[in-house]
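Novice: when you get a sec, could you give me coordinates for this:
(2 chains)
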Amino acid sequence: MNRLKNIAFIVFIMTTASCNKFLDVEPKASISGDNIIVDETSANAALNGVYSALRTYYSVDFQSIAYLSGDNVQWTGSQSQVQEFINHQVNAENATITSTWKEIYVAVNRANQVIKNVNELAENVISDDVRRRIAGEAYFIRALAYFDLARTWGGVPLITEPTASPTDNAGVMRSSLADTYNLVLADLNQAEELLQETTNRFQATKKTVWALKARYFLYRGDWQQAVDYASRLIIDQTNYSLLSPYYAFFADGVTGTRESVFEIFYNANELNPHRGQWQPQQNGGTRQWAPNTTFVNLVNDPTTGGSRSALVAKDNQNRWYGNLYYRSPATDPTYVIRIAELYLIRAEAYAQLGKLEEAMADLNAVRNRAGLTPTTTSTRDNVLLAIENERRLEFGLEAHRWFDLVRTGRAQTVLNISDANRLLMPLPAEQILVDKALEQNPGY
Amino acid sequence: MQTQKRTVRFVPSLISLFFLIFFTERLAAQQTKPLINSTLKGQVLDSITKEPLPGALVHIEGTTHSVSTDEEGSFGFVTGQKFPYTLEVSYIGYEKKKIIVSESKIEILLTPGFNQLNDVVVVGYTTQQRKNLIGSVTKVNPAESKDIPAGGFDAQLQGKVSGVQISSNTGVPGEAVNIRLRGATSINASNDPLYVIDGVFLNTNSLQTVNTGGKATSPIADINPADIESIEVLKDAEATALYGSRGANGVIIITTKRGNFNQKPKVAFNFSQGIAKAAKLWELTTGPEHATLVNEYYRNIGQPEPFRPVSDVVNGVAGRGLPAEQQTYDRLGEAFRTAALTNADLSISGGSTDTRYYIGGGYNRQESILKPISFDRLSFKVNLDQKISERVQIGTSNTIGRTGRNQARAGDGPQGGLLQAALHTPTYLSPYNDQGVLVGRAGFDNLTLLLENYDVSSTSLRYIGNIYADIQLSSDLKFRSTFSLDYNNYDESEYWNNLLIAGSPNGLATSAVGQSTTWINEQTLTYRKKINQRHDVGVLIGNTLQGSTLKRTSATGRGFASNDFKLISSAATTTSSQDWEKYNLASFFGRIDYAFDDKYLIDFSLRADGSSRFGSADPWGYFPAVGAAWRIKRENFLKTLAYLDDLKIRASYGSTGNQNGIGAFAARRLWSGVGSSYQGVPGIAPEQLANRELRWERTDQLNIGFDATLFKQALDISFNWYRKYTKDGLLPVTLAATTGYDSYTSNAAEISNKGFEFALVSRNIRKTDFSWQTSFNIARNVNKIEKLENPLNYGSRDLILFQEGHPLYSFWVYNQLYVDPQTGDVVYEDVNGDGRITTADRKIMGSIWPDFYGGLTNNLTFKGFDATIFFVFSYGNEIYNHNRFFGEAGGARDAARVIFASNLDRWQQPGDITDVPRSDGVNVNNYKDGGSRWLEDGSYLRLRSLTIGYTLPKHITDRWHLDRLRVYLQGNNLFTWTKYTGLDPEAAASSDPNEQGIDLGTPPQPRSFQLGINLTL
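Specialist: Residues are numbered from 1 along each chain as shown, chains lettered A, B, ... in the order given. Just a heads-up that it's a prediction; the model follows:
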């Protein structure tokens, strides 16, 4: 009997041995650790992670803020948060506002992670060329992220170090709009210095930085610099040109055409859900938003739309839908910067500088490509108005119209907004609750 | 790689365990030299009918000797004991008897008893007699409810156990039900009770990945309710603490049927067939009514009426025809059906002297009232026990089931949404376009195309089983070792052809296989000794090791040459993904109990649990509990009180833990490759911040109660009062977005639950030919979030808010005070008094928690007839009628949504008194998202089932060589008394525990009728 008890006891002990090792289970789907950027391969992988964050915020959310808030798009679905943009009555609880804010800061954190860690890598694990390229691209993405934050919300908390623990980078006060734009410029300068002058339409190069700088200076009213930086790409005609007809840059499944300065890449594994919002049910979409009657009339009018009428099409219930994002599988690129924008940036900057001839030439280059007759107008204001109207159609379903009207101070007049506070979006209500340092924009 | 090695390390110890079993057997054989001192033969009979009682247990007191009676009720001992000695004879449903025997050939008469005090109740790792229970435990006889059409036994328990709140959220059989035992203790960790079936801890997480509109399948539906012998619900800390980390939400122990030793084969066959139909459907506006309301909206906002003569073209847009010219198309009638229900099960059980067995098979098929959804289950059960020697018994329990489902999106989501197509599509819109082609309207699928082309199905293969060995080391000491496995292979596929939105333009197919495996190895050593007839001491120690792995592989194909190609291999582009998760648990536990004179009972238990989820820093949690009971009736001063049969006061206090529901690697800093690639080149991105302090969520519970039996056991009363307080509640704490992270898992919440439970069983009439028994239970639970730094929103339009000082699952709405009779505009409560209605004016108004809930059952028998009338009720709970929110938008949603008939009561002219305002747009003022107008009282009283049965007289069945034959008719959900204007006050669109109480696109639980037979041979 005693032997029995002893055996039972031994078995009991055996089965319970080495418990703490038993409780140490390593993940497989993810990797665990404090820093994973240790060499060239992992640094490149981490940079792809930054692009993937950019891809996330640029697929639907951020773009929809810009075009829904304009005057080209109507809403046909059930989510009233979409209607809020169209009515210019955006609530601080708006789901798109919340997700966009979060997604942009995810991109910022990932860029910070790359910038910091790549710069700290030892020389024997990464070549200097690669280090400069990776850091430069991360600076560019961070610049674009803060630029988008600034034009949507105004001055924002400036985060330039990666987050390592839950207390890092929280409770940071908003900076002024000027400081936010200064960080954008500083990052663009860094990127310009680090990157090579090559052509890559899916990743940032020195040329991509110049293009964003042109836009930056247009927003900042530094007309001469806007002209200079836009010119650097416009003269590079072997790599960048206005494709004719208009739809040549997106129709028939093309990607990375010579029209494109920077577009975001998608494939069957990296899908872009954007088309689902635009396409009608017969094409597997929800047509949650659709071109409104005014826009449909404008693009279909041969004197204003020209070949841009390809932006809209009719479904089997005789309803118009937007057709810029149409591919199946959903791999439509996001067009961040096209060469047409640089023509129109330069046109506007020339006009502001009083160089109406040059302005008209750039404007008519874009009109000509759409199959339209040249504009003949004389005064500076008329040229600026013509550029504004041209941009409305040229970038009809892209993320421009709202920012253009706010930038030129025309939003209240054109969109009939009485409350100037509505020109900035509200900070997400949830974030105001979570982070006591955040101050809401006035009027919300 | 490393983890595999670790698992392997335990295999040798398991092998050694089984060597031990056989070794012991040999040892035992060597040691027991048979020494025959007496031979006893006898028979056990019913004292009234003098019928033999097969399977009664006869035990020689003070020894390990016991035998079961055979089919003639006979038994025999050949033993070393000398006459005289005491026999203990017990049989389920009869009063236990002690008898001193001094010679062979005796006749023992057992009296049928109503006495539940001696009922054997299964508690943590052991069994106890009801009279000696210290904890709060409710035993359920599942026979009464097993015919209620529901996928799983959990849904059938509704209203049967005090303190257990169960809501069947949909009319889709086999989908998850919401079950809460004494409230909810956690925000992020699971609030589901622990299910233990024959010692196996059940996986209750759905493996479903396809989108069925928010609902998930229930893994509990893999088990055939017909195989269940008894269900015990463990509620307080004393009862659950031995389950430590798993016990915070209560424990439900399921014991399946086994044979009896010395029992001739018994065959049981049950069959039923039934129909189900919706008790009511939504009332919608007709086409002309819809058009009138839409015109009214456009008039209100100063725009031209769209329903005007076709010839009337405004801004290039033609009119849609006058309201009176509009057609009405009925889609609900097309989507709903009279559904068929079938159930059949067959079992054989029996046993010889050393072997007993139970073999069962079952088939169940239930159609949903909503086409094309259906559920079917094929299950097998084999339970086997073998005595190897007097000291050693081994055995096994096995459940194998195959559950098949035809699924559909009956919930939220535009693509493929059945009720979006059937309910939410405006009635005036034709299913055909101008060319006579079927088209989807309002952004939803075309219903006819959807019903014809739906192709979503899943198959769950489930094995739940264990093997055990019991070794009686001495008359007081028993060792038990078990090895258990719960394996689930869940295979699902969906195919959307190009006639459906999801499959346009070229088809879409998805296939996913998920596998969840949980193994458990457990050892217990129990010691029980009675000293001087008055001191009863018991000791239990044990350990458990558990490993759980979840694997999933899925593939998606897009672009098919035609609708005839359905397999992913024919797709133009394919993508795939793979998931893997694993966690381990190690536990040690012990309990000491002591009873003095069956009068004073006390016990103490402790469990230590280590979980890999908390990382390697400090995975351990310690969960103690103490309980005491005083059987006052046994005191002299109550002995003379004749009407009081028994009275016991109980109290317990203890801790339990929780770690379910958080990620397997929640404590670590993680980097992920998923979704981080760019241009097809792999990428990596930060995924999660570390929390090295992460630890167990713990719930302390105090329970005070009493049990009384009165009037010659005509009345049983049980009452419990409890207070639960949960600390270190696991929660995804929201981070400032500037960190680049959404949240991290932390111990940040505190939640309390307080309440009481009352249950009574009254045997009103106890005659041989006529009996009437009433069971009633009622419970109240008050839930409150005691600590939560930042409020958390859940559900569509932030309808649900978790906020400190309020219950979990509270509704957060704008309080509509009234509709101004002059303007027709809604006046909301201006909570902060700033003269504007903003988000700051949303407030918490009610929650899904009822003030009280329970059930009432009446069982009647008259000669061969039996009847059961069973009600469930819930009072004071709220429900958000989200269907009506969409359907009552006053014409502003125009062609995008149906309009409910209730919208016709809108304000039209000054002086109108109504709560439905004039239409001013979507989410403007009058039809504001989150308005309280759609928050409704969800109280209900439901006639859950009514059964009438007839058992054929014995002389007839004898002639047919049958043991028993009963036929019955059962009706379910026959009547529901409720003020709720939706179809089912229990409805919820989502299986997310934090989004309960929102009714959107949910088919109701149907009214059903079944005709069945029970046959035993």
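
Novice: give me the phi and psi for residue B:534.
Specialist: Here is the backbone geometry of residue B:534 (degrees, to the nearest 10): phi -120, psi -30.

Novice: buried ones in whichever strand or helix holds residue B:380, by neighbour count?
Specialist: Residue B:380 belongs to strand B:374-387 when elements are defined using DSSP states H and E. Buried positions in strand B:374-387, judged by neighbour count with 16 or more other CB atoms under 10 Å in any protein chain shown: B:374-377, B:379, B:381, B:383-385, B:387. Where C-beta positions appear, they are placed from N, C-alpha and C, glycine not excepted.

Novice: ok, those residues vs residue B:683, which is closest?
Specialist: The nearest member of the buried residues of strand B:374-387 to residue B:683, counting by CB to CB, is residue B:375 at 41.8 Å.

Novice: if the closest one is in a bridge, with which residues?
Specialist: With beta bridges defined as DSSP bridges, residue B:375 has these partners: residue B:366, residue B:405.

Novice: how many other residues sit next to residue B:782?
Specialist: Residue neighbour count, defined by other CB atoms under 10 Å in any protein chain shown, stands at 14 for residue B:782.

Novice: which SS class is it?
Specialist: strand (DSSP: H, G, I helix; E, B strand; the rest coil).

Novice: grab the nearest non-local neighbour of whichever residue of the stretch 301-444 of chain A sits closest to chain B.
Specialist: In the stretch 301-444 of chain A, the residue found nearest to chain B is residue A:435; the distance is 3.8 Å by CB to the nearest CB. Distances taken as CB to CB, 6 or more residues apart in numbering or on different chains place residue B:736 nearest to residue A:435, at 3.8 Å, with adjacent residues excluded.

Novice: for residue A:277, same thing?
Specialist: residue A:288 (4.8 Å).

Novice: hmm, the one you found is touching residue A:82, no?
Specialist: Yes. Using CB atoms under 8 Å, residue A:288 is in contact with residue A:82, at 6.5 Å.

Novice: using PDB, write out every CA atom in stretch B:787-797.
Specialist: Taking C-alpha atoms only, stretch B:787-797 is exported to PDB below (Å, rounded to 0.1, in the frame of the first residue of the first chain):
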ATOM      1  CA  LYS B 787     -14.000  52.100 -11.800                       C
ATOM      2  CA  LEU B 788     -13.300  53.000 -15.400                       C
ATOM      3  CA  GLU B 789     -11.100  55.900 -16.300                       C
ATOM      4  CA  ASN B 790     -12.500  56.700 -19.800                       C
ATOM      5  CA  PRO B 791     -16.000  55.700 -20.900                       C
ATOM      6  CA  LEU B 792     -16.100  53.100 -23.700                       C
ATOM      7  CA  ASN B 793     -18.600  53.200 -26.600                       C
ATOM      8  CA  TYR B 794     -19.900  50.200 -28.300                       C
ATOM      9  CA  GLY B 795     -22.500  49.400 -31.000                       C
ATOM     10  CA  SER B 796     -23.800  51.200 -34.000                       C
ATOM     11  CA  ARG B 797     -24.000  55.000 -33.500                       C
END
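
Novice: average pLDDT for that stretch?
Specialist: Taken as a whole, stretch B:787-797 has an average pLDDT of 86.

Novice: tell me if I am right that residue B:191 is in a helix.
Specialist: No. Per three-state DSSP, residue B:191 lies outside any helix segment and is coil.

Novice: need the contact list for it.
Specialist: Counting by CB atoms under 8 Å, 6 or more residues apart in numbering or on different chains, residue B:191 makes contact with B:180, B:184-185, B:249, B:993.

Novice: quick check: closest non-adjacent residue to it.
Specialist: residue B:184 (4.4 Å).

Novice: got it, and residue B:229?
Specialist: residue B:257 (4.5 Å).

Novice: my guess is that neighbour contacts residue B:383. True?
Specialist: Yes. The pair formed by residue B:257 and residue B:383 meets the contact definition of CB under 8 Å, at 6.9 Å.

Novice: now do the contacts for the residue nearest to residue B:191.
Specialist: Contacts of residue B:184 (CB under 8 Å, 6+ apart): B:191, B:249, B:751, B:753, B:783, B:808-809, B:993.

Novice: again, only using 7 Å
Specialist: By CB atoms under 7 Å, 6 or more residues apart in numbering or on different chains, the contact set of residue B:184 is B:191, B:783, B:808.

Novice: what's around residue A:129, how many residues?
Specialist: 9.

Novice: so which of the contacts of residue B:184 comes closest to residue A:292?
Specialist: Distances from residue A:292 to these, taken by CB to CB, are shortest for residue B:808, at 43.3 Å.

Novice: which element is that closest one on?
Specialist: Assigned by DSSP H and E, residue B:808 belongs to no helix or strand.

Novice: show me where the stretch 201-350 of chain B dips below the pLDDT cut-off.
Specialist: B:244 (pLDDT under 70).

Novice: what residue in it comes nearest to chain A?
Specialist: For the stretch 201-350 of chain B, CB to the nearest CB, closest residue to chain A: residue B:315, 6.7 Å.

Novice: now that residue. Nearest residue, chain neighbours left out?
Specialist: Using CB to CB, 6+ apart, the nearest residue to residue B:315 is residue A:293, at 6.7 Å.

Novice: so what's residue B:506 up against?
Specialist: Contacts of residue B:506 (CB under 7 Å, 6+ apart): A:328, B:498, B:558-560.

Novice: Throw those residues into a markdown table and include secondary structure, thanks.
Specialist: Conversion of those to a markdown table gives the following (three-state DSSP):
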| residue | secondary structure |
| --- | --- |
| A:328 | coil |
| B:498 | coil |
| B:558 | strand |
| B:559 | coil |
| B:560 | coil |
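
Novice: and which of those is nearest residue B:176?
Specialist: residue B:558 (29.9 Å).

Novice: which stretches of the stretch 51-200 of chain B form helices?
Specialist: B:153-156 (DSSP state H, counting those that start in this stretch).

Novice: pairing partners for residue B:43 in the sheet, please.
Specialist: residue B:74, residue B:107.

Novice: so where's chain A uncertain?
Specialist: A:1-19, A:78.

Novice: in it, which residue sits closest to chain B?
Specialist: Counting by CB to the nearest CB, chain A gets nearest chain B through residue A:109, at 2.4 Å.

Novice: check which helix or strand covers that residue.
Specialist: Using DSSP H and E, residue A:109 falls in helix A:95-120.

Novice: name the next helix or strand downstream of that helix, please.
Specialist: Following helix A:95-120 in sequence, per DSSP H and E, is helix A:128-153.

Novice: packing partners for that following helix?
Specialist: Applying 3 or more CB pairs under 7 Å, 6 or more residues apart in numbering or on different chains; DSSP states H and E, we find helix A:128-153 packed against helix A:40-59, helix A:95-120, helix A:177-194, helix A:206-220.

Novice: alright, that wraps it up for me.
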